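# missing the sequence, but the structure's below:
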């Protein structure tokens with residue numbers, strides 16, 4: 001932030017990388033600060049197309065390059081697509097740290113409403129015990145499994161085998177686990193609080209995007225996906241969409257932006 005202030009002060013041209021949704025709403029002091037730091041760049045690099053539209057809306061700048069954010073290479077995505085989700089078990093997979101913005105507590109409440117479904121939470125790491133205490137307070141069913149950590153190989157097996165993947169973010173700029181799950185064609189339910197979900201899923205399958213922080217709406221989306229008859233089409237869509245977001249494309253667009261400007 002100090003660097004941005006100095007660039008503005010000395011009237012230097014600079015690029016600003018916006019790696020996901022900015023969540024600029026209302027007229028609070030926080031919103032005003034966000035707008036201050038967002039405005040003024042000579043050009044912008046944005047994680048996705050919707051992010052680009054929001055940046056243009058708030059900055060009125062036309063020098064915007066969308067680089068399609070991902071942590072996966074083309075080769076990795078292609079390899080994953082050959083291990084397409086087979087729905088071999090009934091687990092609903094949730095991956096994420098135990099932090100408020102991740103919304104894991106929302107899924108705990110959904111699990112409480114669906115005792116006939118099984119939920120597998122992965123990735124709490126050092127906060128596993130705190131999450132277990134939270135789970136005991138919220139969920140009264142024996143339908144939750146908590147795994148502190150899985151290495152990439154084991155996690156990828158979960159993507160391949162689960163019934164669906166849920167990312168219940170309240171406010172998360174992106175959410176790279178969406179890219180990972182999509183690369184296996186794993187059916188996804190997420191929220192308006194995930195930049196990645198809004199980019200990859202919302203336009204084509206809005207019925208699987210819940211309002212951020214809304215337990216009842218997330219519950220409805222989960223049930224909608226369980227009952228969905230064209231699940232194979234959804235899987236194919238996710239596989240295809242995931243290929244648009246890769247590291248090579250990110251590099252090419254960054255280089256293009258630098259060379260053109």
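It's in. Quick caveat, the model's predicted, so the values are computed rather than measured. Numbering: from 1, shown residues only.

# Follow the chain on from the strand or helix carrying residue 133 and name the next helix or strand.
Assigned by DSSP states H and E, residue 133 belongs to helix 128-138. In the C-terminal direction, the helix or strand that comes right after helix 128-138 (DSSP H and E) is strand 144-147.

# Okay, now the sheet partners of that following strand, with direction.
For strand 144-147, sheet partners with direction are given as strand 118-122 (parallel), following DSSP bridges.

# what angle do the partner strand and helix 128-138 make?
150 degrees (axes from the mean of the first three to the mean of the last three CA atoms, to 10 degrees).

# gap between strand 118-122 and the chain center?
17 Å (CA atoms, centre = their mean, to the nearest Å).

# Residues in contact with that strand: which ones?
The contact list for strand 118-122, computed with CB atoms under 8 Å, 6 or more residues apart in numbering, reads 90-95, 104, 107, 111, 131, 135, 143-147, 149-150, 155, 158, 162. Any C-beta I mention is one placed from the backbone N, CA and C, and that applies to glycine too.

# Of these, grab the buried ones for PyMOL.
The PyMOL command for the buried members of the contacts of strand 118-122 (criterion: 16 or more other CB atoms under 10 Å) is given here:
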select buried, resi 90+91+92+93+94+95+104+107+111+131+135+143+144+146+155+158+162
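
# Leaving out chain neighbours, which residue sits closest to residue 202?
With CB to CB, 6 or more residues apart in numbering as the criterion, residue 202 has its nearest non-adjacent residue at 5.0 Å, and that residue is residue 209.

# That neighbour: neighbouring residues, count only.
A count of neighbours around residue 209, defined by other CB atoms under 10 Å, yields 22.

# Look up how far residue 192 lies from it.
Distance check for residue 209 against residue 192: by CB to CB, to the nearest Å, it reads 6 Å.

# Name the residues contacting each of those two.
Overlap of the contact sets of residue 209 and residue 192 (by CB under 8 Å, 6+ apart) consists of 198, 202.

# all strands of this structure, in order?
For the chain, the strands defined by DSSP state E occupy 15-18, 43-46, 64-66, 91-95, 118-122, 144-147, 164-167, 188-191, 209-210.

# Done for today, thanks.
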